[in-house]
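In: how would this look folded up:
(2 chains)
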Amino acid sequence: MTAHLAPQRFSRRAALALAAGLAVCGSAAFAQNNDPVRIGLIYSKQGPGASIGEYLQRGSALAVEQAGNKVLGRPIELVWLDEPNPQVSQQNMQKLIDENKVVAVVGGNYSSSALAMMSVANREKIPLILTGAAASEITGKSCSRYTFRTQATVPVQMRGLMPYVSQIGKKVYFLTASYAFGQDILRASRAMLKEVGATEIGVDEVPLNTADYSSYILKIRQAKPDVVVGGLVGGDFSNFLKQWNEMGMKEKIPYVAVAVTDTDFWDVGPQASGGIYVKPWYYNNPKNTAAEKKLTADYTRKYEHAPSDKTWSGWIGMRALLESITAAKSTDPKAIVTALEKWKNTEGEFPYYFREWDHQMVRPAVIVGVKKQITDKYDYFDVLKNTSASEAETAQAFGSKEEIGCTLPPL
Amino acid sequence: MLDTLVSQAANGLVLGFIYVLIAVGLSITFGLLGVINFAHGAFFALGAYVAYQLFQMFGWAAVVLAPPIVGLIGMVVEVTIIRRLYGKEPLLSLIVTFALALLIEAVIRFFWGADGKPFNPPAYLSGIVEYGPLLITKYRVAVLAVTVAALLALWAFLAWTPYGRILRAGSRDSEMVELLGINLPRVLTGVFGLGCALAAIAGVLAAPLWTVSPSMAANAIMPAFVVVAIGGLGSFPGAVVAGLAVGVVMSLTIQFKADAAAASMYALMFAVMLLRPRGLFGERWERFE
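Out: Numbering: from 1, shown residues only, chains lettered A, B, ... in the order given. Down below sits the predicted model:
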């Protein structure tokens, strides 16, 4: 066999090579337009936060579905990683950026994890939309140009709740969780007590993952307050409600709290539920917008269950992201951030948006009270009012630049 | 002040008995099998969930079947997994049972979902009992009664029945027991099942008190380890004394310095470990010394 190539074979070979080359180029150009847009989700998959994580993820996934699973004409690929503790959440954030090459991340239910994730977002310059964390420093002294936050801050929610507290009575007992969120509540409430003429007669900071509250309840009973202002979270809060009711305190002393979620109550049942609360959204609020009512309908149809407020948070965070990517006509992080800063939702009575100088979503929260008689499986609340009634009042409630103390660096 | 102390101490004793019930299964499993069962909390959770399911399907009376069912599951686990850990180093059993705990939690989440399940005490047990400064819910009094009865039954079983004697002998000298013609592996399967059934009884009793959620195991496993460490691995009286001590210390700490409450049981464990490393009633465990 000689190595000498016959002219025809050579030209056929060349033709084949050329054809293959063209095909590759052509398909590469074709692939460019159909490359998926990857968006990361960081929500709890297991442990105490698992059910909250599920509602959040379903909300975000529904937003993607409602947008036709596409943005900028490209398919959307969601990558969902766990939020078990700040360390792993931070690692997962890094993983989403390095391995999955996401264009943005939506997630962060816990303030502690959120703060850890923000540092990665800032360093890697990838947009992060936090859908649950309520601690003030996220849009306060630790604020970041690449992080946006949907949940109203603790001071805003407390300010909405305080008039109800003072109506109930003047002697206040605090029962808060011993971490950033609970400390935030104490700090914000103590400042407001004087304004409404109330006094603090006792305080207990409860370690996270406390299962048994009987001793705390005995203490509260001894102190005889008019009202208990709480700051317990998730499973801890459910445990407390159950035991509060069992020890006969539910009817005797009202309990009020902020940043609660529907599952806290669904998990304990109608018997144990009671009190007045502030939360971002309620599915059965007659004043919900048409889009929100559609969200409720879609969710109920798909999962045979009412959506919790976390579903709304996951949904609005993802909606804001998708709408901003569409407005920016690009997945470049700087373009997305700029578009998010200009994003507005105008479907309700007055618009809400991410404030330019701290990326806080400026939107009233809703104040709800547990119904006296609960007959429906999921409808536990009466909506009392919003924390603020007009655009100006809302902007004022969220504080001025000097009060918040956030200065964002340039992009 | 005395009123306060009395009421918190009484509450702490009731809480302590719950911890004893959770811990005694763990202590027995270690004492008789030499296996540190990190999945003990998962069986606790499984007990609560099986009870919830039985209650949904058949009503309150069926709930008593939950511990035997979980005990049977425990026996299957023993035959398939735990058996291979005997005589091996303790670290191996810790790792394997930790993985088992995560598996059981995932299985629970798969079948029942991640949401908590509303589970309240039966109507005739709701309400409180007030006697001077003492305030205890009727349900907790019932839990106290059932726990004491269960502990007494267990003690009688271990001390007076032939099977109990075999268990105690097997822990001291398994070779001799086998030479006497007793089928030790079967006995050990029964012991592991018993430990799991005890965890399940605690889970059933705790379910109306604490929320029923897939992560409820965490609320049980940590106090269980602390109680067993303080009381001594493998010691039944140790588990009782340590459980009550932990309950009372926690309640009193909550009264005076609430944010140190969770740390208080670890501080107690630290103090006991420094003064008496084997635990209050622990025996020297020849196999590892």
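In: residues near residue 97, how many?
Out: Defaulting to chain A. 20 (other Cβ atoms under 10 Å in any protein chain shown). Using the backbone N, CA and C atoms, a C-beta is placed for each residue, glycine as well.
In: let's do chain B instead
Out: When neighbours are defined as other Cβ under 10 Å, B:Thr97 has 21 of them.
In: Surely it touches B:Phe30?
Out: No - using Cβ atoms under 8 Å, B:Thr97 is not in contact with B:Phe30, being 10.9 Å away.
In: intersection of neighbour lists for the two?
Out: Jointly contacting B:Thr97 and B:Phe30 under the rule Cβ atoms under 8 Å, 6 or more residues apart in numbering or on different chains are B:Ile36, B:Asn37.
In: Quick check, A:Thr139 in contact with A:Asp358.
Out: Yes - between A:Thr139 and A:Asp358 there is a contact at 4.2 Å, judged by Cβ under 8 Å.
In: Between those two, which is the more surrounded one?
Out: Comparing A:Thr139 with A:Asp358 by other Cβ under 10 Å, the one with more neighbours is A:Thr139, at 29 against 24.
In: residues contacting the more buried one?
Out: For A:Thr139, the contacting residues are A:Thr147, A:Arg149, A:Thr153, A:Arg355, A:Asp358, A:His359, A:Gln360, A:Ile404, A:Cys406, by Cβ under 8 Å, 6+ apart.
In: again, but for A:Tyr146
Out: Shown in contact with A:Tyr146 (Cβ under 8 Å, 6+ apart): A:Met118, A:Ala121, A:Asn122, A:Lys125, A:Ile126, A:Pro127, A:Leu128, A:Pro333, A:Val337.
In: Number of residues surrounding the fifth one?
Out: Right, the one you point to is A:Ile126. Per other Cβ under 10 Å, the neighbour tally for A:Ile126 reads 22.
In: With A:Pro351 instead?
Out: A:Pro351: 12 surrounding residues under other Cβ under 10 Å.
In: quick one: contacts for it?
Out: Contacts here follow Cβ under 8 Å, 6+ apart; on that basis A:Pro351 touches A:Lys344, A:Asn345, A:Glu391.
In: Would you check how far apart it and A:Ala291 are?
Out: 14 Å (Cβ to Cβ, to the nearest Å).
In: ranges for the helices of chain A?
Out: Along chain A, counting by DSSP state H, helices occupy A:7-34, A:50-66, A:86-98, A:111-124, A:154-168, A:180-196, A:214-223, A:234-246, A:262-266, A:290-303, A:309-328, A:333-342, A:391-397, A:401-404.
In: With adjacent residues omitted, what lies nearest to A:Gln157?
Out: A:Val258 (3.8 Å; Cβ to Cβ, 6 or more residues apart in numbering or on different chains).
In: What residues are bridge-paired with that neighbour?
Out: Beta-bridge partners recorded for A:Val258 (DSSP bridges): A:Val278.
In: what about it, neighbour count?
Out: With other Cβ under 10 Å as criterion, A:Val258 counts 29.
In: Could you check how far it is from chain B?
Out: According to Cβ to the nearest Cβ, to the nearest Å, A:Val258 stands 20 Å off from chain B.
In: that older thread, which of the contacts of A:Pro351 sits closest to B:Val249?
Out: A:Asn345 (52.4 Å; Cβ to Cβ).
In: Quick check: nearest residue in space to that closest one, chain neighbours excluded?
Out: In space, and not counting its chain neighbours, A:Asn345 is closest to A:Tyr352: 5.3 Å by Cβ to Cβ, 6+ apart.
In: Give me the pLDDT value at that neighbour.
Out: Predicted confidence (pLDDT) for A:Tyr352: 94.
In: which residues touch it?
Out: Taking Cβ under 8 Å, 6+ apart, we find A:Tyr352 in contact with A:Lys344, A:Asn345, A:Met361, A:Val362, A:Arg363, A:Thr394.
In: give me every residue that touches the last one.
Out: Under the criterion of Cβ under 8 Å, 6+ apart, the neighbours of A:Thr394 are A:Phe350, A:Tyr352, A:Val362, A:Arg363, A:Pro364, A:Thr387, A:Ser388.
In: now those as JSON lines including distance to A:Val227?
Out: Formatted as JSON lines, the contacts of A:Thr394 follow (distance: Cβ to Cβ, whole Å):
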{"residue": "A:Phe350", "distance to A:Val227": "31"}
{"residue": "A:Tyr352", "distance to A:Val227": "30"}
{"residue": "A:Val362", "distance to A:Val227": "28"}
{"residue": "A:Arg363", "distance to A:Val227": "27"}
{"residue": "A:Pro364", "distance to A:Val227": "23"}
{"residue": "A:Thr387", "distance to A:Val227": "18"}
{"residue": "A:Ser388", "distance to A:Val227": "22"}
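In: Can you select the buried ones from those residues in PyMOL?
Out: Filtering these down to the buried ones (16 or more other Cβ atoms under 10 Å in any protein chain shown) takes a single PyMOL command:
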select buried, chain A and resi 352+362+363+364+387+388
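In: Tell me which two in the contacts of A:Thr394 are the farthest apart.
Out: A:Phe350 and A:Thr387 (13.5 Å).
In: one step back: separate out the buried members of the contacts of A:Pro351.
Out: If we count by 16+ other Cβ under 10 Å, the contacts of A:Pro351 have these buried: A:Asn345, A:Glu391.
In: Now residue 55: closest residue in space, sequence neighbours ignored.
Out: Defaulting to chain A. A:Lys310 (4.0 Å).
In: Let me rephrase: I mean chain B.
Out: Nearest to B:Phe55 is B:Val63, by Cβ to Cβ, 6+ apart, at 5.5 Å.
In: got a pLDDT number for residue 38?
Out: No chain was given, so I picked chain A. The confidence metric pLDDT takes the value 96 at A:Arg38.
In: hm, I was asking about chain B
Out: pLDDT at B:Phe38 comes out at 91.
In: Pull up the gap between it and A:Gly235, please.
Out: With Cβ to Cβ as the criterion, B:Phe38 and A:Gly235 are 21 Å apart.
In: Kindly report the same for A:Thr387.
Out: 26 Å.
In: Show me the domain layout of chain A.
Out: As assigned by automatic domain parsing, chain A contains the domains A:37-152+A:289-363, A:155-279.
In: Okay then, goodbye and thanks.
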